[in-house]
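In: No sequence on hand, only this structure:
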């Protein structure tokens, strides 16, 4: 990594910290959705929201650190939906398998990706709309 990249990362962290301190921006960690009302509230509360639908085992569990990293490193809010516990919500959202990722911008779904994505793929998806 060059010095320029290091400085850019420090600036980005400071900018995010300032935004968080002032109640702006997205939470630095994933939020867990606990029902349809909370889902809608989360999607509408932030400009860009990445939803991770998971089943709590297999790829969903392995992706947890990746999703946490995306939450820390981007300006999108990241939310997790356990499709085993929230089957009705998963059906309402048309989720047919896990892992599935939905990207919402201004309350509307703009992208859906199915299957395990790596950190770079998820970050690129989010940054297309959030940076």
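Out: That came through fine. Computed from a predicted model, the values in this text were never measured in an experiment.

In: For residue 41, see how far away the closest residue to residue 75 other than its chain neighbours is.
Out: Excluding the flanking residues, the one nearest residue 75 by CB to CB, 6 or more residues apart in numbering is residue 130, at 4.6 Å. To be clear about C-beta, it is placed using only N, CA and C from the backbone, and glycine gets the same treatment. Residue 130 sits 19 Å away from residue 41, going by CB to CB, to the nearest Å.

In: who's more crowded, these two?
Out: Ranked by neighbour count (other CB atoms under 10 Å), residue 130 and residue 41 place residue 130 first, with 20 against 11.

In: and the host helix or strand of residue 102, what does it pack onto?
Out: Assigned by DSSP states H and E, residue 102 belongs to strand 100-105. Packing partners of strand 100-105 (3 or more CB pairs under 8 Å, 6 or more residues apart in numbering; DSSP states H and E): strand 48-54, strand 108-114, helix 119-130.
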